[in-house]
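1. Let me see the structure of the following:
(3 chains)
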Amino acid sequence: MQWETVIGLEIHVQLATKTKIFSGASTAFGAEPNTQACAVDLGLPGILPVVNEEAINMAIKFGLGIDAEINKVNVFERKNYFYPDLPKGYQTTQLEKPIVGAGHVDITLADGSTKSIRIHHAHLEEDAGKSLHEDFHGMSGIDLNRAGTPLIEIVTEPDIRSSEEAVAFAKKLHSIVTTLGICDGEMSQGSMRFDVNVSVRPKGQEELGTRTETKNLNSFKFMEAAIHKEVERQIDVLEDGGKITQETRLYNGDTGEARSMRSKEEANDYRYFPCPDLLPVVIDDSRLEKLKADMPEMPDAKKARFIANFGLNDYDAEILSGDQATAHYFEASVAVSQDAKLSANWVMGELSRSLNQSSIGISASPVTAEMLGGLIQRIKDNTISGKIAKEVFEALWNGEGTSADDVIEKKGLKQVTDTGAIETMIDEVLAANAQQVDNYRAAPEDKRGKMIGFFVGKCMQASKGKANPGMVNQILKQKLDG
Amino acid sequence: MYQKTIAEQSQALASGEISSVELTQSYLDRIKQLDGDINSFITVTEELALSQAKAADERRASGNADAMTGIPVAHKDLFCTDGVKTSCGSKMLDNFIAPYESTVTSKFKDAGAVMLGKTNMDEFAMGSSNENSHYGPVKNPWDKAAIPGGSSGGSAAAVAARLAAGATGTDTGGSIRQPASHCGITGIKPTYGRVSRYGMIAYASSLDQAGPMTRTAEDAAIMLNTMAGFDERDSTCLNREVPDYTATLNDSLEGLTIGLPTEYFASGLDSDVEQQIRNAIAEYEKLGAKVKEVSLPNAKLCIPAYYVIAPAEASSNLSRFDGVRFGYRCEDPKDLMDLYIRSRSEGFGEEVKRRIIVGTYALSAGFYDAYYRKAQQIRRLIRDDFLNAFKECDVIMGPNAPTSAFDIGSLNNDPVAMYLSDIYTLSVNLAGLPGMSIPAGMANNRPVGLQVIGQHFDEARLLNIGHRFQQATDWHTLTPALV
Amino acid sequence: MAIDASEVQKVAHLARLSISDDAVDATTTTISSILELVDQMQAVDTQNVEPLANPLDATQRLRADVVSEDNQREKLQSCAPAVEDGLFLVPRVIE
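-> Predicted coordinates for the structure are as follows:
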């Protein structure tokens, strides 16, 4: 049977505020346990929450970034359940009146077409702490530093049909929230966490199959693998005549194993009700107008501009507009190089490769956008060849110079463009390879194109790569054919 | 000196007639002598009190004292006090030394007031008789067989027995007014949002409000001057100017229109209590007030609405008591579930558990609309009744409770009967209005208080109304025999 | 709405409370009588009435995003039942 996969995502995005959503404690990552958990975060008796203005602003920006309705009156509610990482015994969240209403995120599919994924809503809530399961005499340790960190939870409609689409969506969302500056995008620190709802149904069937939810996936890779695995599992179960149980599952990214969670726990009854310690948040027009005026260029608009202004193809434009830092780097390098295509090639090629190898972000690149721009200029004005350029790049990467010119100068890499010098060198090469010269001249016209490569190689070797390859080619031809 | 009011003590301190250390010591001596029997304090902070008194005397000597500087007061044991046990009347918090200070108590600290200790109360402020305390019931200084009222029964009894010059209380459904009424003292619950709730252990967040419990309206005005005001740590605390509540105490009552709700004088009201209330109202007529009948058609619904909203909020507010970060933890929990269930079942008393169960039920799937939502709708009807009534009158008067204080043990096995006795006080909390009780007579040899309900933010008016009555009558000067 | 003993037990469990077997009947009776009391509400028509959460119809004030709380771990954990290496200890959490 042909099966169709149906996927809906819930994404928790940690907002990049300085303080918690309801307290003035810092949200900085990596502090000693419980040193950033104040009385409010610990839920001490008598404490009260006050809403962080920046969390509201960031949620609104997200809504504006996905063309969503902003609910001008939104309400915090309590979701009641007991868990050690949930200090108050309830999570303050939004249910009936979330801050962000319906919107959409558009993704580009493998065939180049565009698909719109509908966002059901996005709401503000507080993050929980962490349970550490190292062995404390058979006990778990609770760290509440993360408790109270502001999150937006984004809920999609079940519009996604494959793990590839899910990843494209996730990357696009990453690009949106980092462009907006509302999330640091650090997946490894849990800044974006995905819950994946998966079901399958026979192709053509209208009714949705029973879904499972796999929680807390914090990398694109894990998400893709977890979906694959779950889809396969569901199809196996169904094809064996079995039934899918609606359940929550856990996927272990390190082992690649998945299993059911909380199956013995009773059905949850969260007893939501409006939080009586907080009042309705009313967003006035002046706040909305100000935030609208401050909106950065969103990835879709940026991509369109890259295509229109820089003549990039769709693929390059998509990648270069994908995250704020890359786009910024690219544009800064073009400003110097004055050549968008070459800048694009270098950013997506040599630079990206080096960044990956060293596992560093583009904003921390030792080769700055200005350096790269300068390097490209020297390629364009024939100061260096493409091959030498790679050497210059490597030197810049290793900190062996402050600019391309500096490296070229220090290492004497300037291209030889003096016709006399090149002619002398070619004469020497031809004299040393008389046999090959005879062979060449005896060969028919259509074979000669290939054979000339041998002499070019020898010449470049002799010049240590500094001879201008175009000139070498031209003079060689004259001498051999002449 | 302990017979004097805060206003008089303040003058005596100012004139040098007495020092705060002497005054404080005299209260500490009285507590030692009398409180073993009355049980109005859970914790007496003798050393702290004397050091604060000493500091207050020095502050006075340096010339920057305010009215509360050096005045010995007691705080209900649900205000978190840094470094001092804060039990909320519960076994759950018997070991809880609060690591921070509530806004209310820190304001008293800043004013240079002396804290004598923390007063007894119904556990987590749930109760109308002070019998629901882990630390045992409080006795009414007027008659030790009687309850002092609740939940601020310790504060009321301490002030009535002259064990403190004044005390703080909190009122979620009558917990300042009813014990004030039963103990023959003055108590005012301010408008919701007038006093910060930060550091006040929550019972029902949308109803809780702190206020002063004193001998006179003038003293209540002095204490409220210290307590009231905006606090950026409480989202529900209103940013609105605080008047000097003592400035208008003597204003004339000429032309004041008093509304008497028919529903507050219907069946169920003890006839002796009714007589005292009517006498008090006649006194107001002599002072120039006019009396008018008004109606609060949904008044009776305050009981069901309150007994859904308060337990629902409480069930959630009390979830944090789980044996993990503070408070009682059961012995040798075998797993996480066992830790939760035994810590909570052993740490909470019966009435608290009862209300948590009712509240949990009211919020649970399938019942939310019929209970919690319905109750919040009725809450609106009740508030709107008041807003309508206030189109015809300036203040509303009536009883605080259907009877004077009942006997200890007479109702504590019948929660519903106990709940019904809150009929006259609950609506004020649901509507967020200020309400005051002032001594207005005796019934069954036990005190009767007159309840005066004002419009939002009309505390100054209420205190003025209380003060003028106390200038004209002497019910507030009566003293229990043991004093 | 009447409530039976098993429902009372279920709700108690949801609230992480236990009721001993010999107390279940008495508790059920009391809870039922309280529910009977609050059920007086059901007779009231509230169809077009907006629920009232705050009696003054106030709205939320917002706080500036400025760090105002420093590390108070030692003090805040002084009242904790079990702490090690700065962590609150609980019986092992199984996911």
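2. And the next helix or strand past the lengthiest helix in chain C?
-> For chain C, the helix with the greatest residue count under DSSP state H is helix C:24-38. The helix or strand immediately downstream of helix C:24-38 is strand C:62-63, counting by DSSP states H and E.
3. related to what we said a few turns ago, outside of the longest helix of chain C itself, list whatever touches it.
-> B:303-304, B:307-308, B:354, B:357-358, B:361-362, B:371, B:375, B:415-416, B:419-420, C:1-5, C:8-9, C:19 (CB atoms under 8 Å, 6 or more residues apart in numbering or on different chains). C-betas here are computed from N, CA, C, even on glycine.
4. If you count neighbours, what's buried in that helix?
-> C:24, C:27-28, C:30-32, C:34-35, C:37-38 (16 or more other CB atoms under 10 Å in any protein chain shown).
5. Looking at chain B, which residue is nearest chain C?
-> Nearest to chain C in chain B, going by CB to the nearest CB, is residue B:432, at a distance of 2.7 Å.
6. How many neighbouring residues does that residue have?
-> Residue B:432 has 25 neighbours, counted by other CB atoms under 10 Å in any protein chain shown.
7. Quick one, grab the pLDDT at it.
-> For residue B:432, the model assigns a pLDDT of 98.
8. The helix or strand harbouring residue A:392: which residues count as buried?
-> Assigning secondary structure by DSSP H and E places residue A:392 in helix A:386-397. Buried residues in helix A:386-397, counted by 16+ other CB under 10 Å: A:388-393, A:395-397.
9. Could you do stretch B:127-138 as well?
-> Quick answer for stretch B:127-138 (16+ other CB under 10 Å): B:127-135, B:137-138.
10. now do stretch B:332-346
-> B:333, B:336, B:339-345.
11. Next up, the contacts around the residue lying closest to the residue of chain B closest to chain C once chain neighbours are set aside.
-> Nearest residue to residue B:432 in three dimensions, chain neighbours excluded: residue C:55, at 2.7 Å (CB to CB, 6 or more residues apart in numbering or on different chains). Neighbouring residues of residue C:55 by CB under 8 Å, 6+ apart: B:192, B:206, B:379, B:383, B:430-433, B:456.
12. With residue A:14 instead?
-> Residue A:14 neighbours (CB under 8 Å, 6+ apart): A:27, A:127, A:149-151, A:183-184, A:190-192.
13. In strands, which of those appear?
-> Among these, the members found in strands (DSSP state E) are A:150-151, A:192.
14. Which member of these is positioned nearest chain B?
-> residue A:150 (15.7 Å).
15. tell me the contacts of that closest one?
-> Counting by CB under 8 Å, 6+ apart, residue A:150 touches A:14-15, A:17, A:20-21, A:27, A:52, A:55, A:58, A:124-127.
16. try residue A:374
-> A:336-337, A:403-405.
17. run the last query once more with 6 Å
-> Applying CB atoms under 6 Å, 6 or more residues apart in numbering or on different chains, we find residue A:374 in contact with A:336, A:403-404.
18. which residue sits closest to the residue nearest the centre of chain C, ignoring its sequence neighbours?
-> For chain C, the residue whose C-alpha lies nearest the mean C-alpha position (CA atoms, centre = their mean) is residue C:15; its distance is 6.9 Å. Closest residue to residue C:15 apart from its sequence neighbours, by CB to CB, 6+ apart: residue B:360 at 4.4 Å.
19. residues near that neighbour, how many?
-> Around residue B:360 there are 27 residues (other CB under 10 Å).
20. is it true that it lies in a helix?
-> Yes: the assignment for residue B:360, made by DSSP: H, G, I helix; E, B strand; the rest coil, places it in a helix.
21. From residue B:263, how far off is the nearest residue to residue B:297 once chain neighbours are set aside?
-> Spatial nearest neighbour of residue B:297, chain neighbours left out: residue B:385 (6.1 Å); criterion: CB to CB, 6+ apart. For residue B:385, the distance to residue B:263 equals 9 Å [CB to CB, to the nearest Å].
22. out of the two, which sits in the busier spot?
-> residue B:385 (22 against 19).
23. SS state for that one?
-> helix.
24. What confidence value was assigned to it?
-> The model's pLDDT for residue B:385 equals 98.
25. One more: residue A:266?
-> Residue A:266 carries a pLDDT value of 55.
26. still on that earlier bit, out of the contacts of residue A:374, who has the most neighbours?
-> Counting by other CB under 10 Å, top hit in these: residue A:404 with 27 neighbours.
27. Skipping adjacent residues, who's closest to it in space?
-> Leaving aside its sequence neighbours, residue A:404 sits nearest to residue A:375 (CB to CB, 6+ apart; 3.9 Å).
28. Which of the helices or strands spans the one you found?
-> Going by DSSP H and E, residue A:375 is part of helix A:369-380.
29. Give the buried residues for that helix.
-> A:369, A:371-379.
30. And these, which is closest to residue B:328?
-> Distance to residue B:328 across the buried residues of helix A:369-380 (CB to CB) is lowest for residue A:369, with 60.6 Å.
31. Just list the residues touching the closest one, thanks.
-> Contacts of residue A:369 by CB under 6 Å, 6+ apart are A:329, A:332-333.
32. now, which of the residues you listed sits nearest chain C?
-> Nearest to chain C among the contacts of residue A:369, with distances taken as CB to the nearest CB, is residue A:329, at 28.1 Å.
33. Surely that closest one and residue A:361 touch.
-> No: look at residue A:329 against residue A:361 with CB atoms under 6 Å: they stay out of range, at 10.2 Å.
34. Okay, and the closest residue to residue B:465 other than its chain neighbours sits in which element?
-> Distances taken as CB to CB, 6+ apart put residue B:452 closest to residue B:465, at 5.6 Å, once the chain neighbours are dropped. Element membership of residue B:452 [criterion: DSSP H and E] is strand B:446-453.
35. immediately after that strand, which helix or strand?
-> helix B:459-472.
36. How far does that next one sit from its chain's centre?
-> Computed by CA atoms, centre = their mean, to the nearest Å, the chain-centroid distance of helix B:459-472 equals 18 Å.
37. Please settle this for me: is residue C:89 part of a strand?
-> Yes: looking at residue C:89 with three-state DSSP, it is inside a strand.
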